[in-house]
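**Q** Got a sequence here, can you build the structure:
(2 chains)
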Number of protein chains: 2
Amino acid sequence: VTQPSFPSPTIGVFDSGFGGLTVLRALIARAPQARYAFIGDTARLPYGSKSRRTIARYAAQSARFLVEEQGADYLVIACNTASALALDDIKEAVPSSVSVIGVIEPGADAAHAASTTRDVLVIATDATVRSHAYAAACQARGLRALEKACPLLVPLVEEGWVTSTLNDPLPAQAAPAPRPLAVTAEVVRIYLDELLADAASQGLNPDTLVLGCTHYPLLKPVIERALPPGTKIIDSAESTAHQQVMLLCRDLAPPPQATETDPVLRFFATDSVEKFERLGSRFLGRPVGNVQLVDLGG
Amino acid sequence: VTQPSFPSPTIGVFDSGFGGLTVLRALIARAPQARYAFIGDTARLPYGSKSRRTIARYAAQSARFLVEEQGADYLVIACNTASALALDDIKEAVPSSVSVIGVIEPGADAAHAASTTRDVLVIATDATVRSHAYAAACQARGLRALEKACPLLVPLVEEGWVTSTLNDPLPAQAAPAPRPLAVTAEVVRIYLDELLADAASQGLNPDTLVLGCTHYPLLKPVIERALPPGTKIIDSAESTAHQQVMLLCRDLAPPPQATETDPVLRFFATDSVEKFERLGSRFLGRPVGNVQLVDLGG
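**A** Numbers count the residues shown, from 1 in each chain, chains lettered A, B, ... in the order given. Just a heads-up that it's a prediction; the model follows:
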């Protein structure tokens, strides 16, 4: 790994699992000169089905690890559930000099910029939806938001019943899909048909869908096909990376520039590093190696 | 709750979540006069995707809670993953006077009793399959076993995309199934078609399928339809309860008899008791109330 030749900030990225690697991927594309430390709390995932108190305790442990042991100057909470339920707990767990950014506000900003009808849909995990964090953030921007929990989508992505990488095209619509991909497409249609019917019954006219979970970008092709044509899809990973880089540009001189060096990446997990390395590359879009096991005491 | 009028043992039942309530249900049916303490380590579920070391640490904490704080004389590890990977760790964590029984050996005993071809299939979580605990237990009984991980089945059961209770009939085969149930049936067929093809390619002639996860009994009707007619299905919850009651009969005088009293049940969870009460009744087949939150320090 080539070290950058100028002082560069360390950005700590936290997720309950691998999904946040989609945020890291978007960050690297925009700020390749930064140093990154990513931790996935894989021993205790998924957060999406757990209570606020438990999520806050777990997330604060990971945040302290990134700041105290990895020297993070910035924290990106690349987990919708932790952003929705525990952002304040995380900010309290680290010194106030550390900038903490979650994925909810950037996602709501992007929805605000995209929607012309001012009605948006949000799909997310059970805990994120129960928190109504997206609905509140959208409402603060003058949007009406209808949220739906889609608990089967994360397991389907982790089982690999998706196109093989983030950018693979779907099979032609006429061609029969492989049976696992057809299952995933039907699950997505069941959830979105219910959501669209609920929206219609409430008199909403949504033109935008927010992907409120970092696993969902891997399902973007099947999600697009299940929506009315022209519906805009907001990927909160992309929106968060964009907002984080804006923050870096404000704080740093010289401003970040694209370089030819490899990014400086450190990976940590609280459980099986083999699984992390195997699944992680699917989300990061590049090999994930040298994952170190850490014990957060849980 | 009526107290039984004679000395009765306390049976501690442990699972990572709610699934083990199918084992408790089978136990209550056979030994209603015992006292039961059930703990679901819901803050840290699922175990099926985690490493052996992490599973062993978590399971030992729950086992000690049941023995030291709830006075359990017997421990039933109603979690296939913990039974497969951590039974020895659990036995070491509690006094040797406590009888510890897992679900693997009873399941293999039942498969041995059921199979005439001596070839059996096992479906389970990823971690249970990677341990090959069922294959080893079957081999020790002269059976050949082929195992397959089915990671989507637990999320489908927890999402409720099954018939509404354990014993609901499926819709008539000709009738169109509700879309969620049709998805579950197709997922089951995809997994079992792969397993049956693998078995055929290895020259096996299986006549028995072991349900190696306590969530799977809720899928029994759709599993039956995806198998060749006449295939026997072993429910390890039933087998374990049977074996535990045999153990009780051996240890106790007078032998257990059916009584008219309500069973004495205490429930504990490490996360959201609301969710436990809501989902738990689906597995237990009776209302689950008064669940107490416990902190195992994780």
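
**Q** ok, now how distant is A:Leu218 from A:Gly285?
**A** Here the distance between A:Leu218 and A:Gly285 works out to 11 Å (C-beta to C-beta, to the nearest Å). C-beta coordinates here come from the backbone N, C-alpha and C atoms, glycine included.

**Q** What residues does chain A have near chain B?
**A** When proximity is defined by C-beta under 8 Å from any C-beta of the partner chain, chain A lies next to chain B at A:42-45, A:49-51, A:54, A:151-152, A:154-156, A:158-159, A:161, A:179-180, A:182-183, A:186-187, A:190, A:270-272, A:275, A:298.

**Q** Which members of these are positioned in helices?
**A** Among the residues of chain A next to chain B, the members falling in helices are A:54, A:154-156, A:158, A:179-180, A:182-183, A:186-187, A:190, A:275 (criterion: DSSP state H).

**Q** If any of the residues you listed are buried, put those into a ChimeraX selection.
**A** Selecting just the buried residues from these in ChimeraX takes one command, with 16 or more other C-beta atoms under 10 Å in any protein chain shown as the test:
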select /A:54,154,155,156,158,180,182,183,186,187,190,275
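
**Q** Switch the ones in helices among the residues of chain A next to chain B over to a markdown table; also include distance to A:Asp251.
**A** Compiled in a markdown table, those are given as follows (distance: C-beta to C-beta, whole Å):
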| residue | distance to A:Asp251 |
| --- | --- |
| A:Thr54 | 33 |
| A:Val154 | 33 |
| A:Pro155 | 39 |
| A:Leu156 | 39 |
| A:Glu158 | 35 |
| A:Arg179 | 50 |
| A:Pro180 | 45 |
| A:Ala182 | 47 |
| A:Val183 | 46 |
| A:Glu186 | 46 |
| A:Val187 | 42 |
| A:Ile190 | 45 |
| A:Lys275 | 35 |
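
**Q** Quick check: which of the ones in helices among the residues of chain A next to chain B has the minimum pLDDT.
**A** Minimum pLDDT across these is recorded for A:Lys275, with 81.

**Q** Could you find the closest non-adjacent residue to A:Thr270?
**A** Leaving out its chain neighbours, the residue that sits closest to A:Thr270 by C-beta to C-beta, 6 or more residues apart in numbering or on different chains is A:Ala43, at 3.8 Å.

**Q** Now do the one you found against A:Gly297, distance only.
**A** Computed with C-beta to C-beta, the distance linking A:Ala43 and A:Gly297 is 11 Å.

**Q** what about those two, which has more around it?
**A** The residue with the greater number of neighbours, taking A:Ala43 and A:Gly297 and applying other C-beta atoms under 10 Å in any protein chain shown, is A:Ala43; the counts read 26 against 8.

**Q** pLDDT below threshold where in the stretch 151-298 of chain A?
**A** Segments of the stretch 151-298 of chain A classed as low confidence (criterion: pLDDT under 70) are A:164-176, A:252-261, A:298.

**Q** what about the helices in it?
**A** Taking DSSP state H, counting those that start in this stretch as the test, the helices found in the stretch 151-298 of chain A are A:153-158, A:179-201, A:220-225, A:236-251, A:273-284.

**Q** Pick the most deeply packed of these.
**A** Here the criterion is mean neighbour count by mean count of other C-beta atoms under 10 Å in any protein chain shown, and of the helices of the stretch 151-298 of chain A the winner is helix A:153-158, at a mean of 24.

**Q** Packing partners of that one?
**A** helix A:179-201 (3 or more C-beta pairs under 8 Å, 6 or more residues apart in numbering or on different chains; DSSP states H and E).

**Q** angle of the helix it packs on against helix B:179-201?
**A** Using axes from the mean of the first three to the mean of the last three C-alpha atoms, to 10 degrees, the direction of helix A:179-201 lies 180 degrees away from that of helix B:179-201.

**Q** What lies in contact with helix A:179-201?
**A** Contacts of helix A:179-201 from elsewhere in the structure, counted by C-beta atoms under 8 Å, 6 or more residues apart in numbering or on different chains, are A:119, A:121, A:123, A:146, A:148, A:150, A:152-153, A:156, A:159-163, A:170-171, A:176-177, A:205-206, A:219, A:222-223, A:225-228, B:179-180, B:182-183, B:186-187, B:190.

**Q** then that helix to CSV, C-alphas only?
**A** Output of helix A:179-201 as CSV, limited to C-alpha atoms (Å, rounded to 0.1, in the frame of the first residue of the first chain):
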residue,chain,number,x,y,z
ARG,A,179,-34.8,-19.2,-10.1
PRO,A,180,-33.0,-17.5,-7.1
LEU,A,181,-33.1,-14.1,-8.9
ALA,A,182,-36.7,-14.6,-9.7
VAL,A,183,-37.5,-15.2,-6.0
THR,A,184,-35.7,-11.9,-5.1
ALA,A,185,-37.6,-10.0,-7.8
GLU,A,186,-40.9,-11.4,-6.5
VAL,A,187,-40.1,-10.5,-2.9
VAL,A,188,-39.2,-7.0,-4.0
ARG,A,189,-42.5,-6.7,-6.0
ILE,A,190,-44.5,-8.0,-3.0
TYR,A,191,-43.0,-5.3,-0.7
LEU,A,192,-43.2,-2.5,-3.3
ASP,A,193,-46.8,-3.4,-4.4
GLU,A,194,-47.9,-3.2,-0.8
LEU,A,195,-46.1,0.1,-0.4
LEU,A,196,-47.5,1.6,-3.6
ALA,A,197,-51.0,0.5,-2.6
ASP,A,198,-50.6,2.1,0.8
ALA,A,199,-49.3,5.3,-0.7
ALA,A,200,-52.3,5.4,-3.2
SER,A,201,-54.8,4.8,-0.4
